[in-house]
Structures are given as C-alpha cells and as structure tokens.
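> Dropping a prediction and its sequence here:
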Amino acid sequence: MKKKFAVLVLSLTALLFAVALSRPTIAQAAPHRIEVTVSKFNFAPAEITVKKGEPVVIVLKSADANHGLRFRDLNLDVKVNKGSTGELSFTPTKTGNFAGHCSVFCGSGHGGMTLTMHVVE
Amino acid sequence: MRRVLLALSAAGLLGLCGCKATPPGKMERSVVVAAKHRLFIGNRGQKNPQAATAKNIADGKEAFSHYCVVCHGMDGQSTGVPFIDRISPPIPSLASGEVQQYTDGQLKWVIDNGIWPSGMPGSKDILSDDEIWSIVLYLRNLPPAGSQGVPEMYTH
C-alpha cells in the first residue's frame, strides 16, 4: 500500500514538472528599436523619445563618413565607420532630456551635431 | 586723378613693405597680454562642469588632437611645429603663465571665439561644448614638453 502511494506521489510530481516545463515561456518584451541616420552634420531624426525602464536599441547608420553617438551623461557611446551600422543597447533608468553628440571628429560642423533623447515615465 | 592713383599705389606698396612678421617687443607683448586678460577675453566666472578625472582629461587630449596640434603640438607646447619661430604674433606655450592665468571660463571663451587678430581660430560648433570643456581640462593637465612626440602631419 505504502509502495503504491509513493509511486503515485512520484508520478504526480513528475507530471507537474513535465507540465511546468512544457508551458510556453512568456517572451521578454522586444527592445524598442530606433533607427537613426547620421551624416555631415546632423542626426535624423534629431529627437527621439523613449520610456524609462524600457530596453532600447538605437540603430545608428552612417550615410557618409565615420561618425559616433555619445551620451556623456549616460556613459553611452557607439562609433560607426563610413556606410556601416552600429547599435547602442541600454535601458534608461532616469527621466529627463539627454544630449548626444557625434563622438568621432568629422569636420567643420561636428560640434553642432546633437541628438536629443527624451526619457519619459 | 592719375596723381591720386599713383599716390595711392605708392602708399599701398610702402604698406606692403611693412607687412613683415616680426616678433613683438617686450613692452608690446606685456600690454597685449594684460589687455587680453583684463579686457578682451570674457567669461571669467564660468566654471568647468567637468571634473578633472583621468577619463575626462584623456577625452580632452583626444579632442585637442583633432586640429589644435597643428599649431600647439601634441603637448600644447608646440613641440615639433616647424613654423613656431616664424609666426607673429607668436604662439604661446599653453603651459606658460600667460595662458595658465586665464580662468577656465576664459579658456573656454578663447577656444569658442578665437583671438583676433592672432590667428587663433574660434572652434564653436566645430567642437562640441563637451569637447571644449574637456580640452580645458587637458590644458590644466598638460604632459611634459616633448613627451608626446611630433604631430603626425609633420612626420612625413
């Protein structure tokens, strides 16, 4: 009798494990991808808005020369070669407006290149 | 009319003969330096928003290397600049008292606006504010003269 009971408990436990393992896992929310094209001497778009706590990927594409995008306040930086694409992945942890600048010297208008990122609740 | 033209041409030629780059005298230099420090260079009170960390100073060195090195050398002391003894007004060593006595705000102003008619160009919009402030940090923490070698464009 005891043996039968033990077998039953073990079978139920195994069944529960099997059911738990076979359930489809809830997929993590895909990061918010934002495509930004950089060229001499601007970012397009020049402003983006993201949500605090939501994973973001900025896909930076260079249209003409070597460029970069750096948010000094957030310690984020990505560099892209002429004609290539780079990604900046992060999750904003504080709200506010943050200015990103080109981080690779690219000529006479380099210092005026700004991408403003608004991080909202 | 012809006499007027002749006189003007002669005056112009004489003027051109006077266009020679000669170093300023001691008196001329001290007057100009005092005038720059006290009258012409603004922004005395602005503080550098960046802390003097190793990373920020390295950023300044990198930004300085874009084109400042053409006249100021890698070390800010004109090491390897081939025309350093032939330019007037002369380019001061950035480690000198003449430069180091400027406040941080004044150094930012000079990099933003340049100094007319010295040949020092303004860099506003060519460099970002972040880069310029980091250059100010680099100027406050210059390496020993000659320690950084010669700017790449003068090596071939």
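Perfect, I can see it now.
> Residues of chain A that sit close to chain B?
Residues of chain A found near chain B (C-beta under 8 Å from any C-beta of the partner chain) are A:R72, A:H101, A:C102, A:F105, A:S108, A:G109, A:H110, A:G111, A:G112, A:M113, A:T114. All C-beta spots, glycine's among them, are computed from the backbone N, C-alpha and C.
> For PyMOL, write a command that selects the buried ones of the residues you listed.
Buried residues among those (16 or more other C-beta atoms under 10 Å in any protein chain shown), as a PyMOL selection:
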select buried, chain A and resi 72+101+102+105+110+111+113
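> Pull the most distant pair out of the residues of chain A next to chain B.
A:R72 and A:S108 (21.7 Å; C-beta to C-beta).
> related to what we said a few turns ago, reformat the residues of chain A next to chain B as a markdown table; add secondary structure and distance to B:P49.
Output for these, formatted as a markdown table (DSSP: H, G, I helix; E, B strand; the rest coil; distance: C-beta to C-beta, whole Å):
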| residue | secondary structure | distance to B:P49 |
| --- | --- | --- |
| A:R72 | helix | 10 |
| A:H101 | strand | 14 |
| A:C102 | coil | 19 |
| A:F105 | coil | 21 |
| A:S108 | coil | 25 |
| A:G109 | coil | 23 |
| A:H110 | helix | 20 |
| A:G111 | helix | 16 |
| A:G112 | helix | 19 |
| A:M113 | coil | 19 |
| A:T114 | strand | 16 |
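> Wasn't B:F83 part of a helix?
No. The assignment for B:F83 is coil, going by DSSP: H, G, I helix; E, B strand; the rest coil, so no helix is present there.
> which secondary element of chain B has the worst mean pLDDT?
For chain B, counting by mean pLDDT, DSSP states H and E, helix B:2-17 ranks last in confidence among helices and strands (a mean of 59).
> ok, how many other residues are close to residue 116?
Using chain A here. A:T116 has 14 neighbouring residues, counting by other C-beta atoms under 10 Å in any protein chain shown.
> look at chain B instead
Neighbour number of B:W116 under other C-beta under 10 Å is 10.
> swap in A:A44?
The burial count for A:A44: 12, using other C-beta under 10 Å.
> That one: what's it in contact with?
Taking C-beta atoms under 8 Å, 6 or more residues apart in numbering or on different chains as the criterion, A:A44 is in contact with A:V36, A:T37, A:V38.
> Tell me the one of those nearest B:I111?
Nearest to B:I111, judged by C-beta to C-beta, of the contacts of A:A44 is A:V38 at 24.4 Å.
> just checking, that closest one touches A:C102?
Yes. Here A:V38 lies in contact with A:C102, judged by C-beta atoms under 8 Å, at a distance of 6.9 Å.
> Touching both of the two, which residues are there?
By C-beta under 8 Å, 6+ apart, A:V38 and A:C102 have these common neighbours: A:H67, A:L69, A:M113.
> In space, what's closest to the first one - neighbours in sequence excluded?
This means A:H67. What sits nearest to A:H67 in space, not counting adjacent residues and going by C-beta to C-beta, 6 or more residues apart in numbering or on different chains, is A:V38, at 4.4 Å.
> Then that neighbour would be within a helix, right?
No. Counting by three-state DSSP, A:V38 is not found in a helix; it is strand.
> For it, give me its contacts.
A:A44, A:L60, A:K61, A:S62, A:A63, A:H67, A:L69, A:V80, A:C102, A:M113 are the contacts of A:V38 under C-beta under 8 Å, 6+ apart.
> Report the beta-bridge partners for it.
Under the criterion DSSP bridges, A:V38 forms beta bridges with A:F43, A:S62.
> from the contacts of A:V38, which single one is nearest A:E121?
Of all the contacts of A:V38, A:E121 sits closest to A:L69, with 23.9 Å by C-beta to C-beta.
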